[in-house]
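# Provide a 3D model corresponding to the input given below.
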Amino acid sequence: MIFEPRASDLELVDVENALLRAAVGDYALEAAVLLLANGGHWLPLLQAAGLIDLEPDPAGGETWAQVRWDDARSALQAGTVAGDDGQELLLRAAGSLADGQPVDLGDLTGDLDQASLQLLLAALAHAAGSHDQEDPDVPHFGEPLSPLVAWPARG
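Numbering: from 1, shown residues only. Okay, here's the model as predicted:
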């Protein structure tokens, strides 16, 4: 009998890379993954709770992964996974970016500390493609612009 690999069998960096591989090209999904990865709290919890599924690359390359967003939301509501108020808001924001889960922006932004707000703003800017826009008015047409809000450096 052959066992399918589980996200809990991988190193966290490998799970993050597999999630990003699957998200490439979908800025909102990329932003959701980067929000979780840069926040630092959720990826290990989702991994340990079995809420990240692995999939083989359709082209036979490296493993891809995806968060089971509906199950993650249910686990959060049931208390199976938990964080402080700001962390829970970031998970809800990631679920909204990745899976279209409804979120009240007033509630979302009201309880975030400055570091979490910076992560959320970077995620929104990334989802909007601000990291991939060009300035048509510079001398060398097509010169890339800086992201509207950059991801903070990981420490």
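# In this model residue 70 seems to touch residue 99, though I could be wrong.
Yes - in this structure residue 99 lies within contact range of residue 70 using CB atoms under 8 Å: 7.1 Å. In short, each C-beta sits where N, CA and C put it, glycine included.
# Which of those two has more residues huddled nearby?
Using other CB atoms under 10 Å as the criterion, residue 99 and residue 70 rank with residue 99 on top: 17 against 12.
# Would you check how far apart the more buried one and residue 150 are?
Per CB to CB, to the nearest Å, residue 99 is found 25 Å from residue 150.
# Averaged over its residues, which helix or strand of this structure has the lowest pLDDT?
Lowest by mean pLDDT, DSSP states H and E among the helices and strands of the chain is strand 134-135, with a mean of 64.
# Any idea which residue is closest to the centre of the chain?
Central residue of the chain (CA atoms, centre = their mean): residue 33, 1.8 Å from the mean position.
# Let me see the ranges of the helices in this structure.
12-23, 27-39, 42-48, 69-78, 85-99, 105-110, 114-127 (DSSP state H).
# Of all those, which one is nearest residue 55?
helix 12-23 (7.3 Å; CB to CB).
# residues of the closest one that come out buried?
Neighbour-count burial for helix 12-23 flags 15, 16, 17, 18, 19, 20, 21, 22, 23 (criterion: 16 or more other CB atoms under 10 Å).
# Could you list every helix and strand in contact with it?
helix 27-39, helix 42-48, strand 52-55, strand 64-67 (3 or more CB pairs under 8 Å, 6 or more residues apart in numbering; DSSP states H and E).
# How far off centre is stretch 72-81?
How far stretch 72-81 lies from its chain's middle: 17 Å, per CA atoms, centre = their mean, to the nearest Å.
# go on, stretch 145-155?
15 Å.
# got a list of contacts for it?
34, 38, 40, 115, 118-119, 121-122, 124-126, 128, 130-131, 133-135 (CB atoms under 8 Å, 6 or more residues apart in numbering).
# Including mean pLDDT, could the helices and strands packed on helix 12-23 go into a markdown table?
Compiled in a markdown table, these are given as follows (pLDDT from 0 to 100):
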| stretch | mean pLDDT |
| --- | --- |
| helix 27-39 | 96 |
| helix 42-48 | 95 |
| strand 52-55 | 91 |
| strand 64-67 | 94 |
